[in-house]
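> what follows is a protein structure lacking sequence information:
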């Protein structure tokens, strides 16, 4: 039997070599991918945990197909999206054969909010102005959620996997940071170069800055739970320092602002201020600012600082809505989104269609020197307004409910658990998520693997910790009851 197997192996190898030589002679090289595909399938089926870490490591330096093959009729991130599709398929296969999925995840409040969100996207895909575009958008969003949320909830029951996941992404990101800083140095670290030196790994500096801001809190808290070794802690501090340097050199004002805000939130929590106080302060701030909205707008129009290499001027330019082209173009895109919503308030124009349909809604008074009628140069520049125009009011609200419930679960876990790891990881991961919730007002990157891999995984980890904490509380109550 063993000899027969060896003969079959030799025959298969000889046939593959012959086929490889034939196709190579005819300038076709796809056949060389077959061994890697077979290895990937075997690794994924027998060790989904390790395949997932490989995927997450690859995410930061994935490259879009359109960069490698210009003028292609479709686009995808390589190698991550083919890996995602394969992992999702094998995950479903394992679910059918092993039936080991933790059903508590399916009934968790955050998961229920995600169902509503996805169901509404399905409905608005059916009513879409461009069904094919919307279907593609829906498919990408679904495999991000299935892989980075539902699969991750199953993997992080082993809490050591949380640090492995975060480090896998971080190591991949460090490679991108190193390449970016070297390219930036060759351009004299100018603000203009800071917009493109992260290409082709990130489309622009804003998504790069968003990823850096999201990973920073996670790395900070992992330092607290690492081995008490000088070498380990030194490496950890070096990584934090590199990320901070990259964040500064990204020239991403939204990233800088979001990190400052979460630092303030962390300080307030450390001082013992409760979640209800956050809500009260937020509502009070809006109530105070709202009557002076017109005066604030006049003051902003007097700000003529534009984006520059000088950090002080670059920060000041955040509030310049008179001459800063970047800010003005955002307002142009937001106005288009609002007008699109007014025309189709219930179902919107269809998921993913904004960039193809917004041009007729531009007014000449809103257009800037970087405005375009083509489907390029970004989307609605707002996660919330983008959904509002593409999927109507319910689309935006369903996404906001995911955020609100996640925030509630994380802070509730922080204040009520006695497990120090759950306490700190829930706090720092929700701070990482808050950086993107803030980014969501100014940009929309959830349709990219770079941000989705962190956004949905952080949410999954918080949900998993919450489920485990509730289970331990339940077991403790049962033990106390039985002892009476």
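Structure's in. What do you need? Note that the structure is predicted; figures quoted are calculated from it, not measured.
> OK, contacts around residue 143?
By Cβ atoms under 8 Å, 6 or more residues apart in numbering, residue 143 lies in contact with 81, 84, 85, 88. For glycine as for every other residue, the C-beta is placed from the backbone atoms N, C-alpha and C.
> now the helix or strand hosting it, how far from the centre of its chain.
Here residue 143, judged by DSSP states H and E, is contained in helix 131-145. Relative to the centre of its chain, helix 131-145 is centred 15 Å away, using Cα atoms, centre = their mean, to the nearest Å.
> same check, this time on stretch 452-469
Computed by Cα atoms, centre = their mean, the chain-centroid distance of stretch 452-469 equals 13 Å.
> cool, stretch 331-346 as well?
On Cα atoms, centre = their mean, the centre of stretch 331-346 falls 24 Å from the chain's centre.
> could you do stretch 349-356 as well?
Distance of stretch 349-356 from its chain centroid, counting by Cα atoms, centre = their mean, is 20 Å.
> for it, measure first residue to last.
Distance across stretch 349-356, first residue to last, is 10 Å (Cα to Cα, to the nearest Å).
> what residues sit buried inside that stretch?
Residues 349, 350, 351, 352, 353, 354, 355 are the ones in stretch 349-356 that count as buried (16 or more other Cβ atoms under 10 Å).
> which of these fall within helices?
354, 355 (DSSP state H).
> nearest to residue 429, of the buried residues of stretch 349-356?
For the buried residues of stretch 349-356, the residue nearest residue 429 by Cβ to Cβ is residue 351; the value is 26.9 Å.
> show the contacting residues for the closest one.
Residue 351 sits next to 121, 124, 125, 128, 134, 137, 138, 141, 390, 391, 395 when contact means Cβ under 8 Å, 6+ apart.
> wait, which of the buried residues of stretch 349-356 is closest to residue 172?
Once Cβ to Cβ is applied, the member of the buried residues of stretch 349-356 that ends up nearest residue 172 is residue 352, at 26.3 Å.
> tell me if I'm right that that closest one and residue 134 touch.
Yes - the pair residue 352 and residue 134 passes the contact test of Cβ atoms under 8 Å, sitting 5.5 Å apart.
> follow-up on the earlier one: out of the buried residues of stretch 349-356, which one sits closest to residue 149?
residue 351 (17.8 Å).
> what's that closest one sitting at in phi/psi?
phi -50, psi 130 (degrees, to the nearest 10).
> now swap in residue 381 and tell me
phi 60, psi 30.
> hmm, it is touching residue 332, no?
No - under the criterion of Cβ under 8 Å, residue 381 makes no contact with residue 332, lying 9.0 Å away.
> which residues of the stretch 151-300 of the chain score low on pLDDT?
Along the stretch 151-300 of the chain, the parts satisfying pLDDT under 70 run over 274-275, 278-279, 281-283, 285-300.
> mind running it again at 80?
Scanning the stretch 151-300 of the chain for pLDDT under 80 picks out 225-230, 272-300.
> which residues in it form helices?
152-155, 160-186, 205-224, 230-249, 253-270, 275-289, 293-301 (DSSP state H, counting those that start in this stretch).
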